[in-house]
Each structure stands twice: as C-alpha cells, then as structure tokens.
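# Quick one: sequence plus predicted model below, questions after.
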Amino acid sequence: MGQEFVLGMTALGAGLAALACIGGGLGTGNATGKAVESIARQPEASGKIMSALIVGGALSEATAIYGLLVSILLIFVGVK
C-alpha cells in the first residue's frame, strides 16, 4: 500500500503544480488588456507601457513555466 499511496500523492501534487499554468495565462491576458486600454487613453506613453508589459508578462510566464517544471519533475523523477 505504501508505494501506491506515494504514486497517488505524486500525481495529485503534479496536478496541483500544473494549475500554475492557468494563473500565468490569466495574468498575462489581464495585463495585456489593461495595457491596450492604457495605450488607447495615452498613446504618447506607449513606449513605457509596452516595456512594463513585457517585463510583467515575462514574470507571469516564468511562474507558469516553474509550475510546469515542478509537475514534470514530480511525474518523471518523483518515485523510483
């Protein structure tokens, strides 16, 4: 029973870690929408808005990639 329990908990942990991808997608979409609204209101500030959007999007996507990496590690390396 011990190894089956560990395998089940590993699968559950991998599924929970994969939920980080949802957060990354929602965060990037929300930031992009707000950036478009800001550029529509103040077109002269588009350079600063775009640079902040790129930095924020990179951080948001990095979080999603870390969650994906943790879930893959749990699946393939977790139990020997």
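Sure thing, it's come through. Numbering: from 1, shown residues only.

# shaky segments in this structure?
1, 78-80 (pLDDT under 70).

# Could you tell me which residues make contact with residue 53?
31-32, 35 (CB atoms under 8 Å, 6 or more residues apart in numbering). Where C-beta positions appear, they are placed from N, C-alpha and C, glycine not excepted.

# Need the nearest residue in space to the most centrally placed residue in the chain, chain neighbours excluded.
Centroid-nearest residue in the chain: residue 64, 2.1 Å away (criterion: CA atoms, centre = their mean). In this structure, residue 64 finds its nearest non-sequential neighbour in residue 24, 2.7 Å apart by CB to CB, 6 or more residues apart in numbering.

# And residue 63, by the same measure?
Residue 63 sits nearest to residue 24 (CB to CB, 6+ apart), 5.4 Å away.

# For that neighbour, give its distance to residue 6.
28 Å (CB to CB, to the nearest Å).

# do residue 38 as well
From residue 38 to residue 6 the distance is 49 Å (CB to CB).

# neighbour-wise, which of the two wins?
residue 38 (17 against 12; other CB atoms under 10 Å).

# contacting residues for the more buried one?
With CB under 8 Å, 6+ apart, residue 38 has these contacts: 45, 49.

# Next, the buried residues of the lengthiest helix in the chain.
The residue-count maximum for a helix in the chain (DSSP state H) belongs to helix 46-77. Neighbour counts over helix 46-77 (16 or more other CB atoms under 10 Å) mark 49, 53, 56-57, 60, 63-64, 67-68, 70-71, 74-75 as buried.

# Tell me who's in contact with the residue lying closest to residue 67 once chain neighbours are set aside.
Leaving out its chain neighbours, the residue that sits closest to residue 67 by CB to CB, 6+ apart is residue 20, at 2.4 Å. Residue 20 makes contact with 63-64, 66-68, 70, according to CB under 8 Å, 6+ apart.

# ok, of those residues, which one's closest to residue 11?
residue 70 (13.2 Å; CB to CB).

# My guess is that closest one contacts residue 19. True?
No: Residue 70 is beyond contact range of residue 19, at 10.8 Å (criterion: CB atoms under 8 Å).
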